[in-house]
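J.: Next comes the sequence, and after it the predicted model I'd like to discuss.
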Amino acid sequence: MKINVLIKFIAVFLVVSIASVAVPVKAVDFSVSAAGYALINADTLEILASGNAHKRMSMASTTKLMTALILAEQRTPFKEIVTTAEMVTVEGSSMGLKVGDTVSYYALLVGMMLPSGNDAANTAAICVAGSIENFAVLMNKRAAEIGMVNTNFVTPSGLDNEDHYSTAYDMALLAVEFLKNDMLRKIVASESIDVSFGNPPYNRRLYNHNKLLRTYEYCIGMKTGFTKKSGRCLVSAAEKEGRRVVAVTLNAPSDWSDHEKLLTFGLDNTELVDLSYNFLDDTMPVVGSYAGRIRIDSEEFYCTCTDASKDKITANLYLKPFVYAPVKIGQTVGRVDYIYGGRVIHSSRVFSVADLDADKPDAKVSGSFKKNFKKILSYMV
């Protein structure tokens, strides 16, 4: 608590509105087959088109986006396990696991995302949490962190359950979080991947069910789903010239066509805007050097924007009050938070752009004080 008060007192805080030339956005002039759908800007989470976007519905195997995210966040892709009957005995689609197979976490990720293996999802859940029930607790905790307020997970695979539901908008939020993981992003963008598993393990090729990867030029993947109760469900993402949008349809008989319309609309009605921070003063104080100040800069930030969003993005600059020499080029000295819709959509690091040696005596400040004060400053960014 004392540290937070101190930080609030000494932190430099600036709010800058970022504006650019307006480009009109067309009205939605198409229909989709989905009972519920959402198209969002992956950078700002702005809804670009929607219908029943917040209606709770079954989402079938698109559930596996959450299961894969949690498994990937264990950060042990090469960990190998041996499957049990409890893990692989499950109805529906399969990656081909059998009792006693040796399989890695990475192969499970591929097995979930490409052929939509329910066996892979079950195995992942039991490996991570010890049981399906315990894993559901993790899924719902992660969902709350993402902001999925109308979602409840019961199964790791998406098999029908009255208490297992989400919304098109919530699943779009999950998709955006999923895309932040480099490994997962590469997996879902692949039409096929070779993995090894079995008893003993041997190489085999798994194929992606997502037809959009072959039919839509800008598709970068995501996840299919189907049960009789849920109907056809699909989560997709597209990227063009740095702009990225996400589409979700639930219970959509013509999902492939729906997504081509939605993704095209999203890409056609957004632009990439340079929102990189412009400093009023691109220097900051340095203690222990006769130079007195050192130049700073921030990481670039290019954001997918619409006419409605780009004028409403603000940037908050947080700087340490000073740094101690010596300073190394690239040393972190602060951050810039970009805000839209009341939430941080991106944080850019602020750093020094030159080396600076310590050449000024600082005998009045004890070593222990400097050490403790540096520790306090580290909490500020």
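T.: Perfect, I can see it now.
J.: most centrally placed residue in this protein?
T.: Nearest residue to the geometric centre of the chain (Cα atoms, centre = their mean): E177, 2.3 Å.
J.: list the contacts for it?
T.: L69, I146 (Cβ atoms under 8 Å, 6 or more residues apart in numbering). For glycine as for every other residue, the C-beta is placed from the backbone atoms N, C-alpha and C.
J.: And it, how close does it get to E91?
T.: The gap separating E177 from E91 is 28 Å, by Cβ to Cβ, to the nearest Å.
J.: Please tell me how far E162 sits from T155.
T.: For E162, the distance to T155 - Cβ to Cβ - is 12 Å.
J.: Averaged over its residues, which helix or strand of this structure has the lowest pLDDT?
T.: In the chain, no helix or strand scores lower on mean pLDDT, DSSP states H and E than helix 2-10, which sits at a mean of 28.
J.: What's the separation between the residue nearest to the centre of the chain and L138?
T.: 14 Å.
J.: repeat for N118
T.: From N118 to L138 the distance is 18 Å (Cβ to Cβ).
J.: and those two? which has more neighbours close in?
T.: Between N118 and L138, N118 has the larger neighbour count (other Cβ atoms under 10 Å), namely 25 against 18.
J.: these two touch, right, that one and T89?
T.: No. Applying Cβ atoms under 8 Å as the test, N118 and T89 come out as separate, 10.1 Å apart.
J.: circling back: between E162 and T155, which is the more surrounded one?
T.: Remark: of E162 and T155, T155 carries more neighbours, 23 against 8, as counted by other Cβ under 10 Å.
J.: isn't there a helix covering the more buried one?
T.: No. Assessed by DSSP: H, G, I helix; E, B strand; the rest coil, T155 does not belong to a helix; its assignment is coil.
J.: Pop out the phi and psi values for it.
T.: phi -120, psi 150 (degrees, to the nearest 10).
J.: what's the answer for D268, then?
T.: Dihedral angles (degrees, to the nearest 10) for D268: phi -70, psi -20.
J.: Could you do I220 as well?
T.: Dihedral angles (degrees, to the nearest 10) for I220: phi -120, psi 20.
J.: all strands for the stretch 251-381 of the chain, in order.
T.: Ranges of strands in the stretch 251-381 of the chain, per DSSP state E, counting those that start in this stretch, are 271-274, 283-287, 293-298, 302-305, 314-319, 323-324, 332-340, 343-352.
J.: ok now do the residue nearest to T67 when sequence neighbours are not counted, which residues does it touch?
T.: Leaving aside its sequence neighbours, T67 sits nearest to P156 (Cβ to Cβ, 6 or more residues apart in numbering; 4.3 Å). By Cβ under 8 Å, 6+ apart, the contact list for P156 reads T63, K64, M66, T67, A121, N122, A124, A125, I132, F135, A136, M139.
J.: can I assume the last one sits in a helix?
T.: Looking back up the chat, that one is M139. Yes. Assessed by three-state DSSP, M139 belongs to a helix.
J.: Tell me who's in contact with the closest residue in space to it that isn't next to it in sequence.
T.: Of all residues not flanking M139 in the chain, F153 sits nearest, at 3.8 Å (Cβ to Cβ, 6+ apart). Counting by Cβ under 8 Å, 6+ apart, F153 touches T63, M66, A136, M139, N140, A143, H164, S166.
J.: Just give me the neighbour total for the third one.
T.: Read it as A136. When neighbours are counted by other Cβ under 10 Å, A136 registers 21.
J.: what's the answer for the first one, then?
T.: Under the neighbour criterion other Cβ under 10 Å, T63 is assigned a count of 29.
J.: which residues sit in contact with the residue lying closest to it once chain neighbours are set aside?
T.: Spatial nearest neighbour of T63, excluding adjacent residues (Cβ to Cβ, 6+ apart): G158 at 3.3 Å. By Cβ under 8 Å, 6+ apart, the residues touching G158 are M59, A60, S61, T62, T63, K64, A121, H164, G225, T227, S230.
J.: mind listing which of the residues you listed are in strands?
T.: G225, T227 (DSSP state E).
J.: Distance to L184 and pLDDT added to the contacts of G158, as TSV?
T.: Listed next are those as TSV, based on distance: Cβ to Cβ, whole Å; pLDDT from 0 to 100:
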residue	distance to L184	pLDDT
M59	18	98
A60	19	98
S61	15	98
T62	14	98
T63	15	98
K64	11	98
A121	14	98
H164	22	98
G225	17	98
T227	23	96
S230	22	97
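J.: distance of the residue nearest to T67 from V323?
T.: From P156 over to V323 the distance is 47 Å, taken as Cβ to Cβ.
J.: got it, and E299?
T.: 18 Å.
J.: residues near the nearest residue to V137 once chain neighbours are set aside, how many?
T.: Among residues not flanking V137 along the chain, A129 sits closest, at 7.4 Å (Cβ to Cβ, 6+ apart). Per other Cβ under 10 Å, the neighbour tally for A129 reads 17.
J.: show me the contacts for A129.
T.: Going by Cβ under 8 Å, 6+ apart, A129 touches F135, V137, L138.
J.: ok, now R244?
T.: By Cβ under 8 Å, 6+ apart, the residues touching R244 are N41, A42, D43, L179, I220, A237, A238, T304.
J.: ok, residues contacting stretch 70-80?
T.: Counting by Cβ under 8 Å, 6+ apart, 102-106, 108-109, 112, 124, 127-128, 135, 138-139, 142, 181, 183-184 sit against stretch 70-80.
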